[in-house]
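K.L.:
any chance you can model this:
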Amino acid sequence: MSGLGAGRRLPGDDVLPGADVVLDRMLDLAGTPEQVWPWLEQLGKDRAGWYLPHVVEMVVPRSRRAARGIGSRWQGLQVGDAIPDWGPGSPSFEVLEIERPKHLVYWSERARSARRGVARPPLRLTWALVLEPRRGASRLHLRLRLDLGHPAGPLATYGGGLVDWLTVQLLGGGLNERLRRLE
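P.N.:
Predicted coordinates:
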């Protein structure tokens with residue numbers, strides 16, 4: 001499944017060239033790449049969280065709400081740093097590539113439990129966040145590439161695509177709220 005900008009090569013594309021699923025999303029953000037970058041760099045579990053709009057965060061327990069400001073303790077990512085993620089086990093993202101304030105590429109390999117007694121290959125993925133200037137604002141291109149170890153079925157393609165779309169829309173709404181507060 002692909003979306004806008006799918007034909008364009010992005011950083012990290014060469015890591016999983018034969019990905020079974022590629023999800024592309026674009027967000028227009030209310031800040032320059034230099035203003036947006038610190039927010040992207042601090043994303044993640046046990047860090048600044050995953051930004052949601054205020055109205056959505058009100059139903060999230062306080063301990064799980066995302067930061068509303070930039071925290072210096074979450075800045076300074078380096079290649080090789082591990083960022084915890086949600087999910088079974090102890091999944092994490094590893095910083096694969098970083099070029100401030102242009103792009104950040106994460107890599108992850110996650111073990112999967114056997115299904116009906118048959119071992120399954122690990123899930124491998126890359127997640128690229130690419131910022132581009134847009135007349136005093138920014139466009140964020142997010143590309144998630146998944147290697148499932150087998151061709152993706154309709155549930156992975158369309159169900160996963162819907163979840164990804166919703167997640168990115170919420171992230172964009174929450175991030176824009178935070179950026180507008182800085183104006």
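K.L.:
mind listing residues that contact the helix or strand of the chain with the lowest mean pLDDT?
P.N.:
Least confident helix or strand, the chain: helix 154 with a mean of 80, by mean pLDDT, DSSP states H and E. Applying C-beta atoms under 8 Å, 6 or more residues apart in numbering, helix 154 has no contact partners. C-beta coordinates here come from the backbone N, C-alpha and C atoms, glycine included.
K.L.:
so how far is it off the chain centroid?
P.N.:
22 Å (C-alpha atoms, centre = their mean, to the nearest Å).
K.L.:
would Ala156 count as being in a strand?
P.N.:
No. Assessed with DSSP: H, G, I helix; E, B strand; the rest coil, Ala156 is helix; it does not lie in a strand.
K.L.:
over to Gly31: give its phi and psi.
P.N.:
When read as degrees, to the nearest 10, the backbone of Gly31 gives phi -170, psi 160.
K.L.:
distance of it relative to Leu23?
P.N.:
Here the criterion is C-beta to C-beta, to the nearest Å. By it, Gly31 lies 24 Å from Leu23.
K.L.:
and what of Arg62?
P.N.:
Counting by C-beta to C-beta, the gap from Arg62 to Leu23 is 31 Å.
K.L.:
name the SS class of the residue most central in space within the chain, please.
P.N.:
Taking C-alpha atoms, centre = their mean as the criterion, Trp127 is the residue nearest the geometric centre of the chain, at 5.6 Å. Look at Trp127: counting by three-state DSSP, its state is strand.
K.L.:
which of the residues in the single longest helix found in the chain are buried?
P.N.:
Across the chain, the helix with the greatest residue count (assigned by DSSP state H) is helix 160-181. Across helix 160-181, burial judged by 16 or more other C-beta atoms under 10 Å covers 160-161, 164, 168, 170-179.
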